[in-house]
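# Fold the following.
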Amino acid sequence: MKRDEIEFFGLIEKNQGIIHKVCRIYTANEEDFQDLFQEILLQLWKSYKSYKGNSKFTTWMYRVALNTAITLFRKSVKSVNAQEIDSSLYKISDDTEFFDKQEQINRLYEAIKKLSEIERALVLLYLEDLPYKDISDTLGITEINARVKMNRIKAKLKEIMNQDE
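Numbering: from 1, shown residues only. Model prediction:
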C-alpha cells in the first residue's frame, strides 16, 4: 500500500463516526445507509489528493460527506419515510431509562429528517459539539449566520416534536 493510502485509511478509521452520523441523518433504511456510506468513502478518496490541510481534516471530511449526501438526496427526491423499528430493540433488557432515551433519540432523528438539507447539516455539526467557527467553515456561511440559523432550527425542531406527540 502507498503512503497516501495508509494515511487516508488511518484518518477514515479514526473519524468514521462522522460518516455514520451523516448517513443516519440522510437515509431511512439500511440499504440506503450502506449505499451512501460507500459513496461518501469514494468521494473522500477521490478528493483526498486535493486536501491541502488548510482546515482540520474532520472539517474537510464533514464538508465532503454532507455535500455527497445532499447531492444524492436531491437526485433521489425522496419523501420522508417513517423509520422501521430495529428488531434488535426487542432483544434489549427491560431497562426503561435506556428505552426512554432511545425513544427520544429516535424521535429527534425523525424530526431532523423533516428539516431541509442545510438545516440537517447544521444540526449534525451542532450535535457534534463543534464550535460555531468550525460549523461556519464547514458549511461556507458566516459564524453569525450559523448561530442565527441554529436558533431558528431549535425552535423548528421543538415545534415538529410537539406536533408529533
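# Could you list the buried residues of the helix or strand of the chain with the lowest mean pLDDT?
For the chain, using mean pLDDT, DSSP states H and E, the weakest element among its helices and strands is helix 96-113, scoring a mean of 76. Buried positions in helix 96-113, judged by neighbour count with 16 or more other C-beta atoms under 10 Å: E110, A111, I112, K113. For glycine as for every other residue, the C-beta is placed from the backbone atoms N, C-alpha and C.
# which strands and helices sit next to the helix or strand that it is followed by?
Sequence-wise, the next helix or strand downstream of helix 96-113 (DSSP states H and E) is helix 117-127. Applying 3 or more C-beta pairs under 8 Å, 6 or more residues apart in numbering; DSSP states H and E, one finds that helix 117-127 makes contact with helix 3-26, helix 57-76, helix 96-113, helix 132-139, helix 143-164.
# quick one, helix 117-127 and helix 132-139 angle?
Helix 117-127 runs at 140 degrees relative to helix 132-139, counting by axes from the mean of the first three to the mean of the last three C-alpha atoms, to 10 degrees.
# now helix 117-127: mean pLDDT?
For helix 117-127, the mean pLDDT works out to 91.
# Can you give the contact residues for that helix?
Residues from elsewhere that reach helix 117-127 (C-beta atoms under 8 Å, 6 or more residues apart in numbering): 21-22, 25-26, 62, 66, 69-70, 73-74, 112-113, 115, 134-135, 138-139, 146, 149-150, 153, 156-157.
# how big is the angle separating it from helix 96-113?
Calculated by the same axes, to 10 degrees, helix 117-127 forms an angle of 140 degrees with helix 96-113.
# For helix 117-127, output the C-alpha coordinates as PDB.
What follows is helix 117-127, C-alpha atoms only, in PDB (Å, rounded to 0.1, in the frame of the first residue of the first chain):
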ATOM      1  CA  GLU A 117     -30.700  19.500   3.700                       C
ATOM      2  CA  ILE A 118     -28.700  22.500   5.000                       C
ATOM      3  CA  GLU A 119     -30.600  22.500   8.300                       C
ATOM      4  CA  ARG A 120     -29.800  18.800   8.800                       C
ATOM      5  CA  ALA A 121     -26.200  19.500   8.200                       C
ATOM      6  CA  LEU A 122     -26.100  22.300  10.700                       C
ATOM      7  CA  VAL A 123     -27.800  20.200  13.300                       C
ATOM      8  CA  LEU A 124     -25.400  17.400  12.800                       C
ATOM      9  CA  LEU A 125     -22.400  19.600  13.300                       C
ATOM     10  CA  TYR A 126     -24.000  21.300  16.300                       C
ATOM     11  CA  LEU A 127     -24.800  17.900  17.900                       C
END
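# Nothing else from me, thank you.
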